[in-house]
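Undergrad: Any chance you could fold what I've pasted below:
(chains A, B and C)
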Amino acid sequence: MRISKIVPAGAGAAFVVLLAVLPLLSVSLPGILPGPTYTPGALQLLALCMVYASLALSYNLLLGTGGLLSFGHALYFGCGAYGLGILLERTDLSLWPAFGLTLLAAGVIAVVTGAVSLRVTGIPFAMVTLAFAQAGSVLVRRNPGGLTGGEEGLSLATEHVPDALVGVVHTRNLYWAALAVVVVAYLVVLWMDRSRVGHVAAAARENELRVRALGLQPYTAKLVVFVVGGLIASLSGVMYLLLQSGTVPRSVGADLTITVLVMVVLGGVGSRWGAIVGGVLYTLLNQRLTLLAGSDAVESLPAVLHVPLSEPMFILGALFVLVVLFVPGGIAGTAAKLTGRGGSRSGTTVLETADSERELEEARP
Amino acid sequence: MSTIVLLLATGLGLGALYFLVASGLSLIYGLMHVLNFAHGAFLTLGALLGYAAALRLDATSWPGFIASILVGALVGAGVATLTELLLIRPLYERHIEQVLVTVGLSLASVALFEGIWGTDPTFIRGPAWLDETTGILGARVPNDRFVIIGVAALVLLAIVVFLRRTRYGMIIRAGVENRAMVTALGIDVRRSFTLVFAIGGAAAGLGGVLAAHYFGYVSPSLGGSLLIFAFIVTVIGGLGSLTGAAVASVLVALLQQFANYYAGGTGDFVIVLALAGVLLVRPSGLMGKAA
Amino acid sequence: MSGQVLVVDHLAVSVAGQQVVEDVSFTVPATGITAVLGRNGVGKTSTLKGVLGLYQRTGEVTLAGERIDALPTHKVVQRGIGYVPEDREVFARLTVSENLALAERQGSATRERREMVDRLFPDLVQRRDQMAGTLSGGQQQMVALARVLLNDNLLLLVDEPTKGLAPLIVEQVIEALRLASATVPILLVEQNLDVVRRLAGDAVVIAGGRVVHTGSASDLLSDELLTQRLLGVHAESGEVRP
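TA: All right, here's what the predicted structure looks like:
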């Protein structure tokens, strides 16, 4: 390993260690965290940030590496949350076997839906993945056989879950588990990006026909990326269930996919740490804006200001539009520009190449 | 027999609504390669403001009903035009970012509607005749179905005449085939972008008013739920094909109704299965350009 | 200035961020036919598309004294450029008459021109209401040529008009181009050297994204060694091979 690789890896490891000891410290970040870092409230929020950060990482694998604009990614998150929830409630399996079975099921669903969706590319792919996720969402809301709890959602059956992961007093353990999930997600995504499959998928994003001409299988590579992304998403879903002691239909729906898309675009498409920052930032913003919406200060404003400000999704949606229009590389792209490091691909380039492969082919007789 | 007639009428009514949304989506995608997530918001705003106009005049009167339809169409066209000019045009040719902008717009606008009108559905009233039924072969078919089907058929006819008989229609048809070549003939194709957005928005706004009567209520989430089925319709019909959108709207809605009735409420799954089946056999959809 | 209708100076063209034409400079005289030659894939088509603005370009392009390199495609064309693309690119689902009507630019197409086009391509008059997609390759080429001849242009860009056509049709195309060149200069990309020899006065040879030779077409094609070196063919054999 060269120095240039060791330094960031070392900094990353140090940061993870810092996060790991956070529950033992008393750090206050007023306005961001609801209390000092050892309190359950703060740890719960930080752990939720990590759940979304790992989900965003998995989505960035699809969009950033594979150039796959999926509108159905929440399906796999929901598979994780509902899969584990149902297994724990309906069977006598303990946590680990149920967890393994959940990932297996999510993997199978990802393979089947991915194999069909990848028959088309670009925008049609987005629509097809959306349709699959919608089917999942409808299924969950319909509450077949009382399995999913319908609109009410499903709460975590705790009999087979180790005590150390249950209850407010153990929030600290859940926090560490969420940290482990995000680290695993990061390492898997990193490994995918550097693997042969990742390279083929990325090359296919740039120029599919050329990859085929080299005798490689872009379809298989994209499917692998899709399935691995789905597995990480379901891992995040599992963590979500444990952390929130339950799950609601929203965790399968198009809304969640769009939320993740917003996180990744905010952070900067194609950047792993951008996805993490996007996931964390979005979660914190959403939390703070919801508090702001209910505050007296906002209530007392005239309706013209009070109505939009009391809707967090309005502010986040508008922010998203502004980022897409005026900050094309997101946070990571802007940071790269400011520090003058042109090495990493900017979000715009990634999005452009995801889209314009066909035109390039025309240009080359 | 009467059940089948009722299911057919209800299915055709729902298909008509799908078509009003899908026609615009398909034209916009065909010409501009933009997947418009904000289309549901155009529909919702059309429905909300359309009903507000009806209330002004007396919602149970025919003038009120007609005013709501006109207002819905105008609002849809207006907001769609603004969307194209302010959000889509600056991102010319950056298709994925154009999709992202419509996603953001749809998030923000639905939240804004919730802030203004509340999240709960408002149950609406219309002219009494709409709520009555007409007997066909023993089935009692609600009258609003006929109005919805009739209006959608008129919209289809109007769009076809526009596409066949006018110069702008010709430009749009040519642009769907090969946009670069249209500009290479000296034609500013961007004007027709605004136009298809306006047409699609008008159809969606109109669809919103009719959907409110079909379902019996308006709510900020009205557009979102129809939009997803409209997406499925446009993919099955073939992106960019108006005929495909019309045929697929009817097929999908009928399939959904019959599966819901005869196969225990599985309509939505049957449709997704149909989508998967169509994609496996014909990835470009029933009437799409060969891939 | 009067001698040249088009001046291309340091033109670079890129598609999806990849450069396909590096640095091309040449001029097109105000009369006659100028051929653009080169092996397959050197960027002849991309050069034309760069001039039109269909692909992203940098550099200077001047049409009859006016800079057009910052204009969008439709404005470039409105300044007076007619484009006959490779593979014709007629609108398959529009009728022949719709294809032609779409091409007519305001204040540029006149009745005389319409009549001239009808005389030149009587086949198309009969097939007015037929979908252009159902025409033969030769008939589609007639539509593509008619589209530019309907307008009053300063310059025509014609890309491989004889590609894939039967010898008899090739003769018709040559005739149409010869007739057109009496009133408007033409920049012609053509692989068939026999066609070039019969039509072109000047030739520009592109290789590796740059212009490597300019001069009289007949001088070039009569110099066996030079043709061989630049185009990889014997001038006698006619067709350029990759």
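Undergrad: Quick check, central residue of chain C?
TA: C:Val158 (1.3 Å; C-alpha atoms, centre = their mean).
Undergrad: I'd assumed that one was in a strand, is it?
TA: Yes - C:Val158 sits within a strand when classified using DSSP: H, G, I helix; E, B strand; the rest coil.
Undergrad: so what's it bridging to?
TA: Going by DSSP bridges, C:Val158 is paired in beta bridges with C:Val84, C:Leu188.
Undergrad: so who does it touch?
TA: Residues in contact with C:Val158 (C-beta atoms under 8 Å, 6 or more residues apart in numbering or on different chains) are C:84, C:145, C:148, C:177, C:186-189. Any C-beta I mention is one placed from the backbone N, CA and C, and that applies to glycine too.
Undergrad: try it again with 10 Å
TA: Applying C-beta atoms under 10 Å, 6 or more residues apart in numbering or on different chains to C:Val158 gives the contacts C:33, C:35-36, C:48, C:82-86, C:144-145, C:148, C:173, C:177, C:180-181, C:186-190, C:199.
Undergrad: Same check on A:Arg141?
TA: Here A:Arg141 is in contact with A:148-151, A:249, A:252-253, B:268 (criterion: C-beta under 10 Å, 6+ apart).
Undergrad: which SSE is it in?
TA: Using DSSP states H and E, A:Arg141 sits within helix A:122-142.
Undergrad: got it, and B:Gly11?
TA: B:Gly11 belongs to helix B:2-32 when assigned by DSSP H and E.
Undergrad: Just give me how far that helix sits from the chain centre.
TA: From the chain centre to the centre of helix B:2-32 is a distance of 7 Å (C-alpha atoms, centre = their mean, to the nearest Å).
Undergrad: next helix or strand past that helix?
TA: Criterion used, DSSP H and E; the element after helix B:2-32 is helix B:39-57.
Undergrad: confidence score at the nearest residue to A:Tyr52 once chain neighbours are set aside?
TA: Leaving out its chain neighbours, the residue that sits closest to A:Tyr52 by C-beta to C-beta, 6 or more residues apart in numbering or on different chains is A:Gly279, at 4.1 Å. A:Gly279 carries a pLDDT value of 94.
Undergrad: how close does the nearest residue to B:Pro142 once chain neighbours are set aside sit to B:Gly15?
TA: Distance criterion C-beta to C-beta, 6+ apart; nearest residue to B:Pro142, sequence neighbours excluded, is B:Thr133 at 5.4 Å. Separation of B:Thr133 from B:Gly15 (C-beta to C-beta, to the nearest Å) stands at 19 Å.
Undergrad: Please apply the same query to B:Ala174.
TA: For B:Ala174, the distance to B:Gly15 - C-beta to C-beta - is 29 Å.
Undergrad: Same check on B:Gly115?
TA: 33 Å.
Undergrad: and what of B:Phe162?
TA: From B:Phe162 to B:Gly15 the distance is 21 Å (C-beta to C-beta).
Undergrad: So between these two, which is more surrounded?
TA: The residue with more neighbours, out of B:Phe162 and B:Gly15, is B:Gly15; 27 against 14, by other C-beta atoms under 10 Å in any protein chain shown.
Undergrad: surely the more buried one meets B:Ala248?
TA: Yes - with contact defined as C-beta atoms under 10 Å, B:Gly15 counts as touching B:Ala248 (8.9 Å).
Undergrad: Common neighbours of those two, please.
TA: B:22, B:233.
Undergrad: Now do the phi/psi pair for the residue nearest to B:Pro142.
TA: With angles defined as degrees, to the nearest 10, B:Thr133 sits at phi -120, psi 160.
Undergrad: B:Pro142 too?
TA: Backbone torsions for B:Pro142, taken as degrees, to the nearest 10, come to phi -60, psi 140.
Undergrad: residue contacts, it?
TA: For B:Pro142, the contact set (C-beta under 10 Å, 6+ apart) comprises B:6, B:9-10, B:13, B:130-134, B:148, B:213-214.
Undergrad: tell me which element A:Ala13 is part of?
TA: A:Ala13 belongs to helix A:3-21, assigned by DSSP H and E.
Undergrad: thinking again about what came up before, what's the farthest-apart pair in the contacts of A:Arg141?
TA: A:Gly149 and B:Asp268 (18.7 Å; C-beta to C-beta).
Undergrad: Just give the number of residues close to residue 56.
TA: Defaulting to chain A. 33.
Undergrad: To clarify, I was referring to chain C.
TA: Neighbours of C:Gln56 using other C-beta under 10 Å come to 15.
Undergrad: Please go through chain C and pick out the longest helix.
TA: helix C:167-181 (DSSP state H).
Undergrad: tell me what it is packed against?
TA: Applying 3 or more C-beta pairs under 10 Å, 6 or more residues apart in numbering or on different chains; DSSP states H and E, we find helix C:167-181 packed against strand C:33-37, strand C:81-84, helix C:111-120, helix C:137-149, strand C:155-159, strand C:186-189, helix C:193-199.
Undergrad: number of nearby residues for the closest residue to chain C within the stretch 1-150 of chain A?
TA: In the stretch 1-150 of chain A, the residue that lies nearest chain C is A:Gly67 (12.5 Å; C-beta to the nearest C-beta). For A:Gly67, the neighbour count with other C-beta under 10 Å is 27.
Undergrad: quick one: it from chain B, how far?
TA: Relative to chain B, A:Gly67 is positioned 9 Å away (C-beta to the nearest C-beta, to the nearest Å).
Undergrad: quick one, what contacts whichever residue of chain B sits closest to chain C?
TA: Minimum separation of chain B from chain C (C-beta to the nearest C-beta) falls at B:Gly186, amounting to 3.6 Å. Listed by C-beta under 10 Å, 6+ apart, the contact set of B:Gly186 reads C:73-83, C:102-106, C:108, C:151, C:153.
Undergrad: Go again with 6 Å.
TA: C:74, C:77-78, C:105 (C-beta atoms under 6 Å, 6 or more residues apart in numbering or on different chains).
Undergrad: of all the contacts of B:Pro142, which comes closest to B:Arg191?
TA: Using C-beta to C-beta, those come closest to B:Arg191 at B:Ile148, 31.7 Å.
Undergrad: The closest one and B:Phe19, how far apart?
TA: Counting by C-beta to C-beta, the gap from B:Ile148 to B:Phe19 is 10 Å.
Undergrad: same deal with A:Ser310?
TA: Counting by C-beta to C-beta - A:Ser310 and B:Phe19 are separated by 36 Å.
Undergrad: that older thread, for the helix or strand following the helix holding A:Arg141, which strands pair with it and how are they oriented?
TA: Remark: after helix A:122-142, the chain's next helix or strand is strand A:154-155, criterion DSSP H and E. In the sheet, strand A:154-155 lines up against strand A:246-247 (antiparallel) (DSSP bridges).
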